[in-house]
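Participant: How does the following fold in three dimensions:
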Amino acid sequence: MTAFRVEPDVFDAFPAARFAAVIARGIDNRRGSDEAAARLAAAVEATRQAFAGMDPKVLPAIGVWREAFGARGWTPSKYFSSIEALVRRISRGGDLPSINPAVDLANSVSLRRLVPIGAHDLGSATQGIVVRLAAPEDRFRPMGDGPDETPDPGEIVYASGLDVRTRRWVWRQSRTGLVTATTRDVLFPIDGFDPVTGDAVRAAAAELADLVPTLLGGSAHVYHIDPEHPSAD
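Facilitator: Here you go, the predicted model:
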């Protein structure tokens, strides 16, 4: 099974888009909680000190996402990429709570490298996960207990079958496929654009692939996704 792939339509719209997929298998997501939480707290504090009082949109690593969202007709001041949302929250005095070790590690590396990093339970994604344009039959289950949503036509989504895991590329994750304490297999997708954040994507993937098996056990493999190599098999 192809665990992760990016459809050609996405690269047609954004030829400079680059992805890394860190696929971890056989982890114990109850291990390493103290160290993962400490790494997250350190990354939060470093972000707070580095960007306090700053408008995150002036950072090239965040500006490139605002440009991409604007190009798709998504108002950048309304829809923030996940990395912009994190930096805004922290730079304005907010905190980022510990969730579980796998998610804490993803968030800590995301802040350190200033790239969006997701965390998806592969056990619930029997068809793998694909980045593609939304289909009319797609459904998205927002966090909380709100009703299902239908993504807009042409919206870039992360999906498993017709189950949309993330809307507007790296804007908001669904409540389905969340990584929990019992999750064994995880996809950590990392998104960016050459040349602005391409190196950061690769560095983040290497860092996460080292941290996850060290703290959580199991194995981790990195796949770099571009127009010539669109899938992680």
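Participant: What are the boundaries of the helices in the protein?
Facilitator: 8-13, 33-51, 60-71, 82-91, 101-113, 198-216 (DSSP state H).
Participant: and those helices, which is most packed in?
Facilitator: With neighbours defined as mean count of other Cβ atoms under 10 Å, the helices of the chain peak in mean count at helix 101-113, which reaches a mean of 25. For the C-beta atoms, the positions are set from N, CA and C on the backbone; glycine is no exception.
Participant: now for that helix, which elements pack on it?
Facilitator: helix 33-51, helix 82-91, helix 198-216 (3 or more Cβ pairs under 8 Å, 6 or more residues apart in numbering; DSSP states H and E).
Participant: circling back to that earlier point, right, so of the helices of the chain, which gets closest to residue 139?
Facilitator: Residue 139 sits nearest to helix 8-13 of all the helices of the chain, at 19.9 Å, using Cβ to Cβ.
Participant: Could you tell me which residues make contact with the most far-flung residue of the chain relative to its centre?
Facilitator: Outermost residue of the chain with respect to the C-alpha centroid, by Cα atoms, centre = their mean, is residue 53; its distance is 25.2 Å. By Cβ atoms under 8 Å, 6 or more residues apart in numbering, residue 53 lies in contact with residue 91.
Participant: Give me the pLDDT value at it.
Facilitator: Predicted confidence (pLDDT) for residue 53: 85.
Participant: do residue 31 as well
Facilitator: With respect to pLDDT, residue 31 has a value of 94.
Participant: likewise residue 1?
Facilitator: On the pLDDT scale, residue 1 gets 66.
Participant: out of everything not next to it in sequence, what's closest to residue 116?
Facilitator: residue 170 (4.0 Å; Cβ to Cβ, 6 or more residues apart in numbering).
Participant: Residue 183 versus that neighbour, what's the distance?
Facilitator: 20 Å (Cβ to Cβ, to the nearest Å).
Participant: do the same with residue 212
Facilitator: 12 Å.
Participant: Ok, residue 101 next?
Facilitator: Applying Cβ to Cβ to residue 101 and residue 183 gives a distance of 10 Å.
Participant: Quick check: neighbours shared by these two?
Facilitator: Contacts common to residue 101 and residue 183, judged by Cβ under 8 Å, 6+ apart, are residue 29.
Participant: Include distance to residue 127 when you put the helices of the chain into JSON lines, please.
Facilitator: Listed next are those as JSON lines, based on distance: least, Cβ to Cβ, whole Å:
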{"stretch": "helix 8-13", "distance to residue 127": "18"}
{"stretch": "helix 33-51", "distance to residue 127": "29"}
{"stretch": "helix 60-71", "distance to residue 127": "26"}
{"stretch": "helix 82-91", "distance to residue 127": "23"}
{"stretch": "helix 101-113", "distance to residue 127": "21"}
{"stretch": "helix 198-216", "distance to residue 127": "23"}
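Participant: Would you mind giving me the confidence score for the residue nearest to residue 116?
Facilitator: 98.
Participant: so where's this structure uncertain?
Facilitator: Within the chain, the segments meeting pLDDT under 70 span 1.
Participant: quick one: buried residues of stretch 134-141?
Facilitator: 134, 138, 139, 140, 141 (16 or more other Cβ atoms under 10 Å).
Participant: before we move on, the earlier item: now the helices and strands packed on helix 101-113 in a markdown table, with distance to residue 63?
Facilitator: Shown next, in a markdown table, are those (distance: least, Cβ to Cβ, whole Å):
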| stretch | distance to residue 63 |
| --- | --- |
| helix 33-51 | 14 |
| helix 82-91 | 9 |
| helix 198-216 | 14 |
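Participant: Quick one: closest of those to residue 124.
Facilitator: Closest among those, using Cβ to Cβ: helix 198-216, at 18.2 Å.
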